[in-house]
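A.B. asks: Prediction below, plus the sequence it came from.
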Amino acid sequence: MNSLDKIKGHLAVIVANIFFGLNVPLTKELMTCWLTPTEYIITRVGLATAMFWLVGLFRPKESVTRNDILLLSVGGLFGVVGAQYLVAVSLDYTSPLYFSLMSAMSPMIVMWLALFFLHEPISSQKIIGVVIGIAGAGVLLLNADTGGRNLMGVFIAFASVTSYAIYLIIIRSVATKYSPLTQIKWTYLSASIALVPIAIVGLPEQSEIFRVATWVQYCEMGFIVIFATVTAFMLIPFGLKYLRPTSVSVYINLQPVVAASVAIILGQDNFSWEKPAAGLLVILGAYIVTTSRGKEIASKSATNISNY
C-alpha cells in the first residue's frame, strides 16, 4: 500500500464525516417539522436502498459468498437499522450538540472492539485517552438536563455510537474483498428487509410520511439520502480498504464541530461552559487513542471478525 492510497482513504473518510455531521441537525429539523423516528428511518433506508441497487445495475457485478452476505447483513442491522434509528430517537430527546459530543466517543469504543476482535494492541497512551474521553462524557452527563429528556437522549446517543462502532468492526473483514457499492447494497438490503415488520407495526394509518411537506424539507431529506447516506456510506468502506478501524473512527471528531456549528446557526442549541469543555476532553481523548502507535494489523488478520 503506497502513500497515495492512504491519502485517498483519509480524504474519503473526511468527506463522509462532514456529511454525517450535517445529517444530525437536518434530521432534527425533519423530526421537529415532519417525521417521527420510525417514519424517518423507513424513508431514509428505503430510498437509499433503491438508489444503491439502481446504481449497481450500471456497475460490474461481483459474486458475494454466502458467508460474506451474512456478515454484511449483520453489519446492516448494527450500522443502519441500529445506529441510524437510534440517531433519530436520540434527537427526539436531545439537541444535535449533545448527540454529536457523544458521537466523538466512537474511537474509544472502536478501540475496545478492535482489541477483542482484531487483536489491535492497547497501549498506556490509549488508556490515558480513554480516561480523558470518559471524563468529558462525565462532564456532559453531570450537566445534562436532569429533567429527563436530555439525559435520556445522551444515553440513546451512546447506544447509537456503539452500534455504529460494531458496524465498523464487522465490515472490516470484507472491506478489501468487494467494492464499496457491493458491500453497501447488501448492507442496506438487509436493513430494508429488517425494517418491513417495523413499518407494518410502527406506521400509523395516517402517517405524516404521506403528508405533503415543504420544498425545504424535501431538500433536507434529499441531502440526507443522497449525500449523508448513499455517498457517505460508500466512502466509509472505501476508506477501510486503506486504513485501520481506529484510524477511520478518529475523523468522527469532525461531526460534533460540523453539527454544533450548523445547529447553532439554525437555532437548535446554544453554548454553555460545560459543552465546549466536554467536547474538548472527548476530542482530546479520541485524538490520543487514535494517534497512539500500535502494531499494524494485516488485512487477512481482520478475518477473525467473522467469528463475531
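C.D. replies: Here it is on my side, so go on.
A.B. asks: only C-alpha atoms for contact and neighbour calcs from this point on.
C.D. replies: Noted.
A.B. asks: On the pLDDT front, check Asn67 for me.
C.D. replies: With respect to pLDDT, Asn67 has a value of 93.
A.B. asks: Enumerate the positions of the helix or strand encompassing it that are buried.
C.D. replies: Following DSSP states H and E, one finds Asn67 within helix 66-76. Using 16 or more other Cα atoms under 10 Å as the burial criterion, the residues of helix 66-76 that qualify are Asp68, Ile69, Leu70, Leu71, Leu72, Ser73, Val74, Gly75, Gly76.
A.B. asks: got a list of contacts for it?
C.D. replies: 166-167, 170-171, 174, 183-184, 186-191, 306 (Cα atoms under 8 Å, 6 or more residues apart in numbering).
A.B. asks: If we use 7 Å, what do you get?
C.D. replies: Tyr167, Ile170, Ile171, Val174, Gln183, Trp186, Thr187, Tyr188, Ser190, Ala191 (Cα atoms under 7 Å, 6 or more residues apart in numbering).
A.B. asks: Centre of the chain to the next helix or strand after that helix, how far?
C.D. replies: Remark: after helix 66-76, the chain's next helix or strand is helix 83-93, criterion DSSP H and E. Distance of helix 83-93 from the chain centroid (Cα atoms, centre = their mean, to the nearest Å) equals 11 Å.
A.B. asks: Helices along the stretch 151-300 of the chain, start to end?
C.D. replies: 180-202, 215-225, 232-240, 245-250, 254-265, 274-291 (DSSP state H, counting those that start in this stretch).
A.B. asks: tell me the angle of the longest one relative to helix 232-240?
C.D. replies: Regarding helix 180-202 and helix 232-240, their directions subtend 140 degrees when assessed with axes from the mean of the first three to the mean of the last three Cα atoms, to 10 degrees.
A.B. asks: most surrounded residue in the contacts of helix 66-76?
C.D. replies: With neighbours taken as other Cα atoms under 10 Å, the top of those is Ile170, carrying 31 neighbours.
A.B. asks: List the buried residues of stretch 24-32.
C.D. replies: Applying 16+ other Cα under 10 Å to stretch 24-32 flags Val24, Pro25, Leu26, Thr27, Lys28, Glu29, Leu30, Met31 as buried.
A.B. asks: residues in contact with it?
C.D. replies: Here stretch 24-32 has contacts from Pro37, Ala88, Leu91, Pro96, Gln217, Glu220, Ala259, Val262, Ala263, using Cα under 7 Å, 6+ apart.
A.B. asks: I'm done for today, thanks for sticking with me.
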